[in-house]
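Chemist: Pasting the sequence and the predicted model now:
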2 protein chains.
Amino acid sequence: MQRYFVAKEQMTDQVVKVTGEDMKHILRVMRMDIGDEIICSNNDLRTVRCVISEIENQEIIATIIEDLTPNSELPVEVTIAQGLPKGDKLDLIIQKGTELGATAFIPFSASRSIVKWDQKKAGKKIDRLVKIAKEAAEQSYREKIPTVFDIHSLAELKKQMPLFDSIVLAYEESAKEGEKAQFATALNTLSEGQRILIIIGPEGGLTDEEVDQFLLEGAQACGFGPRILRTETAAMYALAAISYHFELMR
Amino acid sequence: MQRYFVAKEQMTDQVVKVTGEDMKHILRVMRMDIGDEIICSNNDLRTVRCVISEIENQEIIATIIEDLTPNSELPVEVTIAQGLPKGDKLDLIIQKGTELGATAFIPFSASRSIVKWDQKKAGKKIDRLVKIAKEAAEQSYREKIPTVFDIHSLAELKKQMPLFDSIVLAYEESAKEGEKAQFATALNTLSEGQRILIIIGPEGGLTDEEVDQFLLEGAQACGFGPRILRTETAAMYALAAISYHFELMR
């Protein structure tokens, strides 16, 4: 069944009001009418099945039939700090990362990031990424849309680090040296409800200086297997492994 | 260091001969010369570090300095049977699947595959996919280039199934019902050196009839976590989880 995220205030005890782009999608793309059912999430872990009962000029009113039990969020909160990659790779990272359960994304300007966002365009780019996250969250039956943060500097990212229970640094050199145990160890020491930050460099990796700074702040350098992953693949690896560890093995 | 795959007969005890596109890449893209080092794999688990010693019209001769210990192949052989997806998604599946360690890819025509390959174009499309696999294998430091098979019918795919020790069917309905244990169980019963087949439907999934046929042939229906993954994400999930299970947890 088609899913839509609505703002918290659009969902009351009995009804959901759907407006804007989602209203257009329901009427023009899905060609739905009164009597058709949709699923709506309020992006705050309430998800309901409802039936379209009124179609007005500016809004669709859907009557709630039942509350659905939330069950599609990862048991740990995973934030991906991604060194700004080239081209449209960030689109892919956010789409796939959302499907795979990420809670938030922090794009950051790494020393080796070739792309630099200028202030003027950054807002539009983030808006586009937020839209990708919303659509991927709907498609993958998430109950929360991941947060896409504005681009962070290295200093700003470091300020966020104390907020996490565990910090994993995807480190190519660890992969080359055959380091294997760190990531599994980090996941083993993480409990449900805790927050983990995964830091991933851009193409060309993080500089030694960046790595040292992250390690000083408590990050653990981890290999994601012996193969060298492209930057956009590392986030997917981390999230799939976290899902396997916390959702399938237990 | 830059990596190249060469045919088995191009690598002798002492030297490697590099020709064709790879020779062009060394000279024109990398702008290397006599004395520069490269790494070459013979796609049969022999990987060597060597130094360019002669540049002739049709070939580069590189003298072998040392054999490197192979260590980048997954301990189990994973074949991805992918229901033909839309657009260029197969490119992404093969690029990312190669980075993540797949041994082979079998594209198959599923009932709900919207794209149909005509005989004339299929050869060219497979050539393109083979090239993507080679480049991704070089980039990710693989020792073997995954095999990309010609497109299979359902009957042809079924004929391959007895060759595998374990067959996993990525099943959306299992994910929706919260099925969790099957995939981890399948991996737990798999030993190093064994072969596993992962069957993934196209957009819209497999039909009930296809699912029944695969189950009859011994496939196990598995959920890859509670979120609904796009078809191209399922292969990445499976491979990352297999890497985590066999390479990092042990």
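Modeler: Thanks, I have the structure now.

Chemist: Spatially central residue in chain A, please.
Modeler: A:Ala102 (3.6 Å; Cα atoms, centre = their mean).

Chemist: What number of residues are in the vicinity of A:Thr79?
Modeler: 22 (other Cβ atoms under 10 Å in any protein chain shown). Yep, even glycine has a C-beta here, placed from its N, CA and C like the rest.

Chemist: er, A:Glu177 I mean
Modeler: For A:Glu177, the count of nearby residues is 12 (other Cβ under 10 Å).

Chemist: quick one: contacts of the helix ranked longest in chain A?
Modeler: Looking across chain A with DSSP state H, the single longest helix is helix A:119-139. Residues outside helix A:119-139 that contact it (Cβ atoms under 8 Å, 6 or more residues apart in numbering or on different chains): A:2-5, A:90-91, A:94-96, A:98-99, A:105, A:107, A:117, A:142, A:144-146, A:148, A:150-151, B:228, B:230.

Chemist: List only buried entries from those.
Modeler: A:2-5, A:90, A:94-96, A:98-99, A:105, A:107, A:117, A:142, A:144-146, A:148, A:151, B:228, B:230 (16 or more other Cβ atoms under 10 Å in any protein chain shown).

Chemist: can you give me the helices for chain A?
Modeler: Counting by DSSP H, the helices of chain A are A:20-24, A:89-99, A:119-139, A:154-160, A:172-176, A:181-188, A:208-216, A:231-243.

Chemist: got a list of what A:Arg227 touches?
Modeler: Contacts of A:Arg227 by Cβ under 8 Å, 6+ apart are A:Ala175, B:Ser72, B:Glu99, B:Leu100, B:Gly101, B:Ser140, B:Tyr141, B:Arg142.

Chemist: Apply 10 Å and report the result again.
Modeler: With contact set as Cβ atoms under 10 Å, 6 or more residues apart in numbering or on different chains, A:Arg227 has these partners: A:175-176, A:233, A:237, B:71-74, B:98-101, B:136-137, B:139-143, B:243, B:247.

Chemist: Model confidence for it, exactly?
Modeler: The score at A:Arg227 is 93. That number is its pLDDT.

Chemist: And A:Lys176, by the same measure?
Modeler: Value for A:Lys176, per-residue pLDDT: 67.

Chemist: what does the one 4 residues further on give?
Modeler: According to the per-residue confidence, A:Lys180 scores 79 in pLDDT.

Chemist: Could you report the neighbour count for the closest residue to A:Glu217 other than its chain neighbours?
Modeler: Distance criterion Cβ to Cβ, 6 or more residues apart in numbering or on different chains; nearest residue to A:Glu217, sequence neighbours excluded, is A:Met161 at 4.7 Å. By the criterion of other Cβ under 10 Å, A:Met161 has 17 neighbours.

Chemist: could you measure A:Met161 against B:Ala110, distance?
Modeler: To B:Ala110, A:Met161 is 45 Å away according to Cβ to Cβ, to the nearest Å.

Chemist: can you check A:Gln82 too?
Modeler: A:Gln82 is 33 Å from B:Ala110, by Cβ to Cβ.

Chemist: sorry, back to before: could I get the longest helix of chain A in CSV with only the CA atoms?
Modeler: Extracted in CSV, the C-alpha atoms of helix A:119-139 (Å, rounded to 0.1, in the frame of the first residue of the first chain):
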residue,chain,number,x,y,z
GLN,A,119,27.0,28.9,0.3
LYS,A,120,24.3,29.9,-2.3
LYS,A,121,23.8,26.5,-3.7
ALA,A,122,24.2,24.5,-0.5
GLY,A,123,20.6,25.1,0.6
LYS,A,124,19.1,23.9,-2.6
LYS,A,125,21.4,20.8,-2.6
ILE,A,126,20.3,19.9,0.9
ASP,A,127,16.6,20.4,0.0
ARG,A,128,17.1,17.9,-2.8
LEU,A,129,18.8,15.4,-0.5
VAL,A,130,16.0,15.8,2.1
LYS,A,131,13.5,15.0,-0.7
ILE,A,132,15.5,11.9,-1.7
ALA,A,133,15.5,10.7,1.9
LYS,A,134,11.7,11.2,2.3
GLU,A,135,11.0,9.3,-0.9
ALA,A,136,13.3,6.4,0.0
ALA,A,137,11.8,6.3,3.5
GLU,A,138,8.3,6.0,2.1
GLN,A,139,9.4,3.3,-0.4
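
Chemist: List the buried residues of it.
Modeler: In helix A:119-139, counting by 16+ other Cβ under 10 Å, buried: A:Lys125, A:Ile126, A:Leu129, A:Val130, A:Ile132, A:Ala133, A:Lys134, A:Ala136, A:Ala137, A:Glu138, A:Gln139.

Chemist: same thing with stretch A:225-236?
Modeler: Applying 16+ other Cβ under 10 Å to stretch A:225-236 flags A:Gly225, A:Pro226, A:Arg227, A:Ile228, A:Leu229, A:Arg230, A:Thr231, A:Glu232, A:Thr233, A:Ala234, A:Ala235, A:Met236 as buried.

Chemist: Then stretch A:75-86?
Modeler: Under the neighbour-count criterion of 16+ other Cβ under 10 Å, stretch A:75-86 has A:Pro75, A:Val76, A:Glu77, A:Val78, A:Thr79, A:Ile80, A:Ala81, A:Gln82, A:Gly83, A:Leu84, A:Pro85 buried.

Chemist: Kindly report the same for stretch A:25-45.
Modeler: For stretch A:25-45, burial by neighbour count (16+ other Cβ under 10 Å) applies to A:His25, A:Ile26, A:Met32, A:Ile38, A:Ile39, A:Cys40, A:Ser41, A:Asn42, A:Asn43.

Chemist: correct me, but the fourth one touches A:Thr47?
Modeler: Same thing as A:Ile38. No - counting by Cβ atoms under 10 Å, A:Ile38 does not reach A:Thr47; the two are 11.2 Å apart.

Chemist: and for those two, which residues touch both?
Modeler: With Cβ under 10 Å, 6+ apart as the test, A:Ile38 and A:Thr47 both reach A:Arg3.

Chemist: Low-confidence ranges, chain A, go.
Modeler: In the predicted model, chain A carries pLDDT under 70 at residues A:175-176, A:178.

Chemist: Following the record's annotation, map out the domains of it.
Modeler: Segmentation of chain A into domains, based on automatic domain parsing, reads A:3-68, A:77-248.

Chemist: First-to-last residue distance for the first one?
Modeler: Spelled out, it's domain A:3-68. Distance across domain A:3-68, first residue to last, is 12 Å (Cα to Cα, to the nearest Å).

Chemist: Figure out how far that domain is from the centre of its chain.
Modeler: In terms of Cα atoms, centre = their mean, to the nearest Å, the centre of domain A:3-68 is set 23 Å apart from its chain centre.

Chemist: With B:Thr12 as the reference, name the closest of the domains of chain A.
Modeler: Closest to B:Thr12 of the domains of chain A is domain A:77-248 (Cβ to Cβ; 27.0 Å).

Chemist: Skip the chain neighbours and tell me the closest residue to A:Gln213.
Modeler: Nearest to A:Gln213 is A:Lys158, by Cβ to Cβ, 6+ apart, at 6.7 Å.

Chemist: Run through the residues that contact the one you found.
Modeler: So A:Lys158 contacts A:Phe108, A:His152, A:Glu210, A:Gln213, A:Phe214, A:Leu216, A:Glu217, A:Ala219 (Cβ under 10 Å, 6+ apart).

Chemist: which one of those is nearest A:Val16?
Modeler: Closest approach between the contacts of A:Lys158 and A:Val16, by Cβ to Cβ: A:His152, at 34.5 Å.

Chemist: Wait, that closest one touches A:Ser113, no?
Modeler: No - assessed by Cβ under 10 Å, A:His152 is found out of contact with A:Ser113, at 11.6 Å.

Chemist: shared neighbours, these two?
Modeler: A:Leu84, A:Pro107.

Chemist: Which one of the two is surrounded by more residues?
Modeler: Taking other Cβ under 10 Å, A:His152 and A:Ser113 do not tie; A:Ser113 has more neighbours (21 against 17).
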